[in-house]
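> Everything below, folded, please.
(chains A and B)
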Protein chains: 2
Amino acid sequence: MKIIVLKFGGSSVGTIERIKKIANIIVGYKKKGYKPIVVSSAMSGMTNDLIRKSKSVSHSFNPSEHDVLVSAGEQISCSLIAGRLNHLGHKSQSWMGWQIPILTEGMHSFSRITYIYKKKIIDYLKLGGVPIIAGFQGLNSNNRITTLGRGGSDASAIMCAKFFKAKKCIIYTDVQGVYTTDPNTIKNAKKIKVISYEEMLEMASLGAKVMQPTSIQDARLNRIDIEVKSSFVKKDGTKITKRKNIISNKIIRGISCTKNDAKVTLIGVKDRPGIAASIFKPLSNNAINVDMVVQNISANGKETDLTFTIKSEDLIKTQKLIQKNTKISFRNLIVDKNVSKVSIIGVGMIATPGVTYRMFQALAKKNINILVISTSEIKISVLINKRNISKAILALHKEFKLDK
Amino acid sequence: MKIIVLKFGGSSVGTIERIKKIANIIVGYKKKGYKPIVVSSAMSGMTNDLIRKSKSVSHSFNPSEHDVLVSAGEQISCSLIAGRLNHLGHKSQSWMGWQIPILTEGMHSFSRITYIYKKKIIDYLKLGGVPIIAGFQGLNSNNRITTLGRGGSDASAIMCAKFFKAKKCIIYTDVQGVYTTDPNTIKNAKKIKVISYEEMLEMASLGAKVMQPTSIQDARLNRIDIEVKSSFVKKDGTKITKRKNIISNKIIRGISCTKNDAKVTLIGVKDRPGIAASIFKPLSNNAINVDMVVQNISANGKETDLTFTIKSEDLIKTQKLIQKNTKISFRNLIVDKNVSKVSIIGVGMIATPGVTYRMFQALAKKNINILVISTSEIKISVLINKRNISKAILALHKEFKLDK
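Next comes the predicted model:
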C-alpha cells in the first residue's frame, strides 16, 4: 500500500471553509492512488479557549483532567473532517487515541508515543477508508487520555508514518515552508527546497515556527521524509530528508537568530578545578538552560572571567542563584539583556574551509562587534548586540548567497 | 455504600461560575456521608454549536461521526468539574462512556444503554473518589461512540442509579421542580412536592421540560426515586416515586396542555368494518402520530363522521395522505389548527367518582366548548379552542384546589 500521512495544523482546520478545503486536498491524494492517513490538530483557538477555561476553574488544574479537557478539541476537528469526506462520497472515520490505541508513556501533558496498534487502521485502509486520527493525544497504561505537549500533533504524524510505514509525511500548515531566514525580518529570504534533518534541528529558532525539534529528531531517527507546505497556497513546500538525499552546492542553508537571550559575565572568578561546575550546577538544578559559554584563560592562573548566555526570562533567577552561591567567589557580575545570537547553518561547511572567516569578516565590514562565539559541526553562532540583528542577518544572507 | 447519583443539566454547568457552584453542591453531599456519582451534560450552548458546525459541513452528516462530534461537549464539562473538585481538595476523575464502559445498542444518535460495567467506578468510590461520568454518551459493539438522543443525560443518570444501586437520583436543572401547571401561563401554579411515575408520564407536556418520558419510564421500571431540583436555588424540588410512597388527598395532581395540535374531521365516511384502520395505516406508515380519536355512530349505519388530532406540523402531510387514499370515501374533510388539548392528571381519580363531571361543569360555566374527549385511568383530556387555554386551565386549577 502507498500509505501517506497528511497532517493538518490548527489553522488548516480553523474554520468550516478550511475543513472543506483540506477535505479536497485529501481526496486529491486518494485519486492519485495514495492511501492517506490523516492526522489533525484541533481547530485553531479551540485549545487556547479550553486552557483559558481550565485556568478559571483552578490555577493548578489537575494535569490528568487537563489532558481530558484539551483533547476534546481534536475530537471535534477529526469528526468534522470525516463527516466532510463522507459528504464528498468517500469512506472515512475518525479515530481517537484510545480507539486505535496510541500508547504513550510519561507525564500528563508531556507524554511520548511508545506504540501504535496497526491492525484496525490497516484493515480500514484495505477497505478503502480514510482514517482521520486525532493528533496530540494518546492513552496511558491507566486507560487515561494523555497529550503530547507543544507541537504534539507533529509527533503523532511522525509516529504514524513510522508505525504504518508511510512513504511520506506531509505537514500542512499556515506557512509555505522553511525559509533561509525569517521572511518577516529579511524580505530577500528564500524558501528552502530541501534541508537535512540536522540542519533543520539547528535552525530550531526558525524551524520551531514550522515543526518542533523533537518531531524532527523522531523523523531523523526513523528516516521519514517530511514535506512542510501550506494548506492555503498550492505550491511546493520544504522537504526535510537525510543528508545524502540532498544534491546542493550551498555551503550555508539558512540563518537563524534568537531574540530573548541574556548575557551574564562573572569578572575575577577565583580559578580552581571544577569552578565551572560549581557555577552551573545550581542553574541546572533550577531548570535554567545555559547556552553559549566562554571562559578566558586567567593571566596569573588565579583569576578568570566567565561569560555565558541564558534565556532573558531566567535572568533574575540566575543572578540570585549566583549571588547566594557560597562555593564561588568573584569580583563583579555584569549582565546584558540586549544581546542576540545569530547562527549560520549548513552541512556544507564541514567540507568547506574558511566559512568562519567569511562570517566574521562580513560582520566586521558592517562594524558589528562579536561578543561570544560558539561552533558545532554544521553551525556557527555569534552573540551580538540586539540592535544589529537585521544588519547582521542581511550581511550574512548576502555573503553566503542565500538570496540567489 | 450510600451511593447517590447527581445529574447536572447543560444550564447547571453553563459557565465556569456555575461549575464552581455545583462543585460545592457535590462536596455538600460528600460531607453528609454520601458517595456521589456525578453525571453531567455538556455546557449549555456547546452541543448546539457543534450541531451547527456539522450542518455547515454537510446537511446529511454521517450519524456515527455526528456522535463523535457532539459527545466532545461532555468531555469538556466533566473534566472541568473533576478539575474543580481536585482544586477544592477532593479526589475526582472524569469518565467518558468508553472508559467505564457504558455499553449501548441501537442506531447512532438514538442509542439505548444496555449495560454499565461497575468494577472501576465501585473501586474508585471505595477509594473516596468522586467519578464524573459523561452523560448522553456510550460505546457500541463496534467500539464507536454513541449518543442517547434528546434528554440522554437523564437516561445516563437513571441507568447509573440502576446499575450502581444508588439510594437516590437527583436531577439538577434550571427549574425548581414540576408544577401543577405551567407557571408561565398560570401564576397560581404550585410546585408539586411528590408525584408518581405514572402521573409524571401523563404530565408529559409539562414534564418534558424537566425530564424526558423515556427516562421517567426507566426510573419507574427500576423503582428509582428521583428528585428534580434547581442548581441555582437552594429549595426542595419535586420527588418522583412509586404511588404507594405517596400520602396525599389530592384527586388531581396537575394540569397539562398542548399547544401545537390540529384537528382533522372526515364527514360522511362510507362505513364498513376496518374503515378506521384504512384511514390510519398510511399515517402510521409516515410516522404521523394520531392522538385523540372520536368516531360518531352513523345514523343510517352507512355513513360516519371521524375526528382525530395530530401535531400541527403533520397537518399538510396528513391532508395529502387522506386525499390520495383510494381505500376510503368521504364527503368532506375539515381541519382546524386552532385547537389545544387540556388534561387533568391524578392517580386519585381512580377512587373518586364524579371527576369527569366536575371537569366538564367547570368548563361549561366558563362557556368553553369541548370538541373531543379522551380518558385514561389517571387522566382526562379535552380538546378545546386554543383561545380558551388559559381560561380553562385557571378554572380547572381552582376547581381541583391545586392552588391550595
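> From one end of stretch A:357-374 to the other, what's the distance?
Start to finish, the residues bounding stretch A:357-374 are 14 Å apart (CA to CA, to the nearest Å).
> With stretch A:6-22 instead?
Chord length of stretch A:6-22, first to last residue, is 10 Å (CA to CA).
> on contacts alone, who are the packing partners of the strand or helix carrying A:Q217?
A:Q217 belongs to helix A:213-221 when assigned by DSSP states H and E. With contacts taken as 3 or more CB pairs under 8 Å, 6 or more residues apart in numbering or on different chains; DSSP states H and E, helix A:213-221 sits against helix A:152-163, helix A:197-202, helix A:204-207. The way it works is simple: take the backbone N, C-alpha and C, and place the C-beta from them, glycine included.
> Buried ones in stretch A:231-240, by neighbour count?
Across stretch A:231-240, burial judged by 16 or more other CB atoms under 10 Å in any protein chain shown covers A:S231, A:F232, A:G237, A:T238, A:K239, A:I240.
> Also stretch A:2-10?
So stretch A:2-10, judged by 16+ other CB under 10 Å, has buried residues A:I3, A:I4, A:V5, A:L6, A:K7, A:F8, A:G9, A:G10.
> Which two of those have the greatest separation?
A:I3 and A:G10 (24.0 Å; CB to CB).
> Looks to me like A:E313 is in a strand.
No. Going by DSSP: H, G, I helix; E, B strand; the rest coil, the assignment for A:E313 is helix, not a strand.
> List the contacts of the closest residue to it other than its chain neighbours.
Nearest residue to A:E313, sequence neighbours excluded (CB to CB, 6 or more residues apart in numbering or on different chains): A:N260, at 7.0 Å. A:N260 makes contacts with A:K311, A:S312, A:E313, as judged by CB atoms under 8 Å, 6 or more residues apart in numbering or on different chains.
> In terms of pLDDT, where does A:N260 sit?
pLDDT for A:N260: 86.
> what about the strands in the stretch 51-200 of chain A?
Under the criterion DSSP state E, counting those that start in this stretch, the stretch 51-200 of chain A carries strands at the ranges A:92-95, A:102-105, A:112-116, A:130-134, A:137-139, A:145-147, A:168-173, A:194-196.
> And those strands: which comes nearest B:T375?
So among those, strand A:92-95 is nearest, using CB to CB, at 50.7 Å.
> shaky segments in the stretch 151-300 of chain A?
For the stretch 151-300 of chain A, the stretches with pLDDT under 70 are A:205-208, A:249, A:298-299.
> The residue in the stretch 251-400 of chain A positioned nearest to chain B: how many residues sit nearby?
In the stretch 251-400 of chain A, the residue that lies nearest chain B is A:A287 (24.7 Å; CB to the nearest CB). By the criterion of other CB atoms under 10 Å in any protein chain shown, A:A287 has 8 neighbours.
> what sits against it?
With CB under 8 Å, 6+ apart, A:A287 has no contacts at all.
> what helix or strand is it on?
A:A287 belongs to no helix or strand when assigned by DSSP H and E.
> distance of it from A:E313?
12 Å (CB to CB, to the nearest Å).
> Flag every buried residue along the longest strand along chain A.
In chain A, taking DSSP state E as the definition, the longest strand is strand A:332-345. Of all the residues in strand A:332-345, those buried under the rule 16+ other CB under 10 Å are A:V335, A:D336, A:V339, A:S340, A:K341, A:V342, A:S343, A:I344, A:I345.
> next one: phi and psi at the residue of the stretch 251-400 of chain A closest to chain B?
phi 60, psi 30 (degrees, to the nearest 10).
> what residues does chain A put near chain B?
Within chain A, the positions adjacent to chain B are A:16, A:19-20, A:50, A:53-54, A:56-58, A:60-62, A:64-66, A:68-69, A:71-73, A:75-76, A:78-80, A:82-84, A:86-87, A:93-94, A:96, A:98-99, A:143 by CB under 8 Å from any CB of the partner chain.
> What subset of the residues you listed is buried?
Using 16+ other CB under 10 Å, the buried ones in the residues of chain A next to chain B are A:16, A:19-20, A:50, A:53-54, A:57-58, A:61-62, A:64-66, A:68-69, A:71-73, A:75-76, A:78-80, A:82-84, A:86-87, A:93-94, A:96, A:98-99.
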